[in-house]
Structure formats: structure tokens, C-alpha cells
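K.L.:
Make a model of this:
(one chain, ligands or ions: 3)
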Amino acid sequence: MATTSLSHVYTDTHLHYTHIVPLDFAAVDDLPESHTWTNTHTTRAGGGGLHLPAAVPTINLRSPSAAALVGDACREWGMFQVTNHGVPAGLVEDVEAHARRLFELPAEQKLKAVRAPNGATGYGVARISPFFTKLMWHEGFTIMAGSAVEHAKLLWPLHYHEFWDAMDNYQKKMKSLAYKLFLIILKSLGYDEDNQETSLLSASLNQSEGALQLNSYPSCPNPSRAIGLAPHTDSLLLTILHQNDTNGLQIFREGGVGWVPVTPLKGALVINVGDLMHILSNGCFPTVYHRVVPNETRRHRFSVAYFYGPPADSTVAPLVAVGRQFPRFRAVTVREYIGLKNKHLEKAIGLIKI
Ligand SMILES: C=C1C[C@]23C[C@H]1CC[C@H]2[C@@]12CCC[C@@](C)(C(=O)O1)[C@H]2[C@@H]3C(=O)O
Ligand SMILES: O=C(O)CCC(=O)C(=O)O
Ligand SMILES: [Fe+2]
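P.N.:
Ligands and ions are numbered 1, 2, ... in the order given. From the prediction side, this is the model:
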């Protein structure tokens, strides 16, 4: 089977970066003009009214009704939190501690692992940055296809193993949890594990490692005028997110509700549907528009996102049986879709609508 790692697709990008290097956040006391967003972007609550918006559901994966609840949450929210997910708490803490250690390095030290202008991995601003005129109160570190070891060697020549081991271990755990969730979700759409239509995609998932993104949102001098991570949808099938105990993540809800916080829950992981799952479900599951706002109480937020999807050469198309409707999207390869996303951001999904 021909497989191309995701990192190749992300290096084949049409974006030309003017800035890859994040601000040295520790060196500034005031919010610079370059990072000051207009009020329309930073407004915290939407329509609001008297009713507090409901929160994304939390699902105990060991409960007998977990599969049904996961299906409901995908349809209604495109996002949910899971507990009893089987990922050891110690490993999650370890990965968070390593992320913290990385981002707390002096700015010039972090530059040793900076992302190349046409690269996919390493230290830098979010990939979506070139689509916005203002910069984000954020720094990221992307790991794909074994890049962690090379970068760790540059950052900690004598102690690279600790970082690499934790990331590798975590990525493996994420991959198996993601596959488990993927099967539960397929089942909720009426597809058993041995279904012919999905067997190729399921098998191809074995060939892909996905990607890991460490995110840091430092304490911000003027949180109400800045954006941590601008609104976006995730591109692949599923994202599994760990957030430290610091608020900031919000999802956009239609119907006048507006931005709803996704409150950190100790030990839980946040799962969200990405564009490829939206396509696969024939639009039955929404792909979640989300953002991060800097913490109001000036705490430093860290998150670790795992992006799960098939290899670049795989094809994703709407499942025929979903809702017994005509397909709403044409079939795309992962490579083709990421190419569209790199060029058109959220307009990409509209370009493959039938
Ligand atoms: C495998 C992925 C998924 C990426 C690109 C690549 C590595 C980094 C991921 C993120 C992380 C930050 C938000 C996002 C929108 C971004 O700018 O970079 C994500 C993007 C996507 O979901 O499209
Ligand atoms: O930090 C967060 O909670 C969000 C991260 C995110 O959306 C991403 O990495 O795609
Ligand atoms: Fe995201």
C-alpha cells in the first residue's frame, strides 16, 4: 500500500511565512500593537441572554451507554470530554511537564528547534497565522513522523531521551484511543468493524501516526484584547486534547449562543470532530469551530493536541448509508484536502461540496 506521511503533505504548502518565530513573551510587559485584536474578534460571550449555554457532554468510556452517548455527542456537538479513557494520568502529566519545560526555555534556545520556512515540525507560530493580520498570544511545537527525537537532540543534547520517550509513548496511546473512538463512531453511523465500505479506511489508519501539537499560551498583560489561537476547525478525522487546569478553549455554537467555554476537567480528555470526519459522516457531525482566548486571571495555559487521520494518499468520501441521503461532498484524498485547507482555510470545506 502506498503511504505518504502527513509531514510530507504539510511541507508541500502554499503558505509563505513572514513570521515563524513567536514573540519572546517573557520579554514584554504590555500588549504590543502587533498582538492587539479588534473587539469583534475578542468578544467573549455571544447572544447569551438569561440562559447559560449547556456545556459539552462528558462521557465515561467505561459506562455501558458510552457508545450511544458518543454518537449523540458527535451529532449534537461535534465535541465531548471523556473520562476512564485508559491513558495513564502519570503519562499525561509527564507530557505536560515536558511541554512546560520546552516553552520555559529562553527564546534563543527554543530557536534551535524552530520550524523551517517550508517545514511542518518544530517550534513556531500556529500554521493558520498567515491568514490573520494580527499575531496570536501563542507558541507551538509540532511533532510528526519521528521528528521529536531530532528536535529534542537540539534542545537537550544530553537528555533528549526523556522528552522523546514521553512524546512517543503518548502518541502511541493517543493512536489506540483514537482508533477505538473511531470504531465506536462508525458503529453509531451504522457501520460494523467488518463493513466493506469502511475496511480500507480503517486499515489505512494503521499506517498513519497522526501528529502531536504542544501549545503554550503565556500569561497575557491584556487578555481581553488578545487572541490565543484564532478560530479554526481541525482538518483531520479526530482531535484528542489535554488542557492544563487553565481556561481558554471555547467553541462556537449556532443559534445565537456564541462562544461556549470548554472547562478543563481533571483527568478528562477533550475529543473533537475534524473536517475529514465531517466529510465521512456526510455532514451529520459538525466540524467544530473553536478558538483559545488568553486566560483572564493571567495564568499560563498549556495544551497537547493529537491529530488523527489516515495517510496522505487515502481517500475520504461520505459513507453512503448515512441518513440514506445523497453525498454532500465529493471524495478527496487527504493530500488534496490539506492542500485546499492550506490555501483557503475554512473555505476549503465549501469547495468540495456537491
Ligand atoms: C496535523 C496537523 C493539524 C494542524 C496542522 C498539522 C500540525 C499542526 C496542527 C495545527 C495546530 C494548531 C491549530 C491548527 C489549525 C494549526 O494551525 O496547526 C492545527 C492544524 C489543523 O488541524 O489543520
Ligand atoms: O489549546 C487548545 O485548547 C486548542 C488547541 C487547538 O485548537 C489545536 O491545537 O488545534
Ligand atoms: Fe484546534
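K.L.:
only C-alpha atoms for contact and neighbour calcs from this point on.
P.N.:
Noted.
K.L.:
Which strand or helix spans Asn272?
P.N.:
For Asn272, the element it lies in under DSSP states H and E is strand 269-273.
K.L.:
Kindly report the same for Gly119.
P.N.:
Using DSSP H and E, Gly119 falls within no helix or strand.
K.L.:
With the one 4 residues further on instead?
P.N.:
The secondary structure element spanning Tyr123 is strand 122-124 (assigned by DSSP H and E).
K.L.:
before we move on, what about Asp245?
P.N.:
Asp245 belongs to no helix or strand when assigned by DSSP H and E.
K.L.:
thought it was touching Ala268?
P.N.:
No - with contact defined as C-alpha atoms under 8 Å, Asp245 does not count as touching Ala268 (10.9 Å).
K.L.:
The strand holding Asn272: how far from the chain's middle?
P.N.:
Relative to its chain's centre, strand 269-273 lies at 9 Å (C-alpha atoms, centre = their mean, to the nearest Å).
K.L.:
Please name the strands paired to that strand in the sheet, noting orientation.
P.N.:
The strands beside strand 269-273 in its sheet (DSSP bridges) come out as strand 79-83 (antiparallel), strand 238-243 (antiparallel).
K.L.:
still on that earlier bit, looking only at neighbour counts, state which of Asp245 and Ala268 leads.
P.N.:
Ala268 (21 against 15; other C-alpha atoms under 10 Å).
K.L.:
So what pairs up with the closest residue to the more buried one other than its chain neighbours in the strands?
P.N.:
Once flanking residues are discounted, Ala268 sits nearest to Thr83: 4.8 Å by C-alpha to C-alpha, 6 or more residues apart in numbering. Assessed by DSSP bridges, Thr83 has beta-bridge partners Asn60.
K.L.:
For Thr83, give me the pLDDT.
P.N.:
Looking at Thr83, its pLDDT is 98.
K.L.:
Could you do Gly46 as well?
P.N.:
Looking at Gly46, its pLDDT reads 52.
K.L.:
Same question for Ala321.
P.N.:
You'll see Ala321 listed with a pLDDT of 74.
K.L.:
Burial check on Pro64, number of neighbours?
P.N.:
9.
K.L.:
Could you do Ala178 as well?
P.N.:
Ala178: 23 surrounding residues under other C-alpha under 10 Å.
K.L.:
wait, what's in contact with it?
P.N.:
238, 240, 308 (C-alpha atoms under 8 Å, 6 or more residues apart in numbering).
K.L.:
after the host helix or strand of Tyr179 comes which helix or strand?
P.N.:
Taking DSSP H and E as the criterion, Tyr179 maps to helix 160-188. Under the assignment DSSP H and E, the closest C-terminal helix or strand after helix 160-188 is helix 196-205.
K.L.:
Show me what the next helix or strand after that following helix is packed against.
P.N.:
Downstream of helix 196-205, the next assigned helix or strand under DSSP H and E is strand 211-217. Judged by 3 or more C-alpha pairs under 8 Å, 6 or more residues apart in numbering; DSSP states H and E, the packing partners of strand 211-217 are helix 89-103, strand 139-144, strand 301-308.
K.L.:
okay if I get those as JSON lines plus distance to Arg328 and mean pLDDT?
P.N.:
JSON lines is the format used below for the helices and strands packed on strand 211-217 (distance: least, C-alpha to C-alpha, whole Å; pLDDT from 0 to 100):
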{"stretch": "helix 89-103", "distance to Arg328": "38", "mean pLDDT": "98"}
{"stretch": "strand 139-144", "distance to Arg328": "31", "mean pLDDT": "98"}
{"stretch": "strand 301-308", "distance to Arg328": "23", "mean pLDDT": "98"}
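K.L.:
Skip the chain neighbours and tell me the closest residue to the residue in the stretch 201-350 of the chain that ligand 1 sits nearest to.
P.N.:
Nearest to ligand 1 in the stretch 201-350 of the chain, going by C-alpha to the nearest ligand atom, is Asp234, at a distance of 3.4 Å. In space, and not counting its chain neighbours, Asp234 is closest to Gly274: 4.8 Å by C-alpha to C-alpha, 6+ apart.
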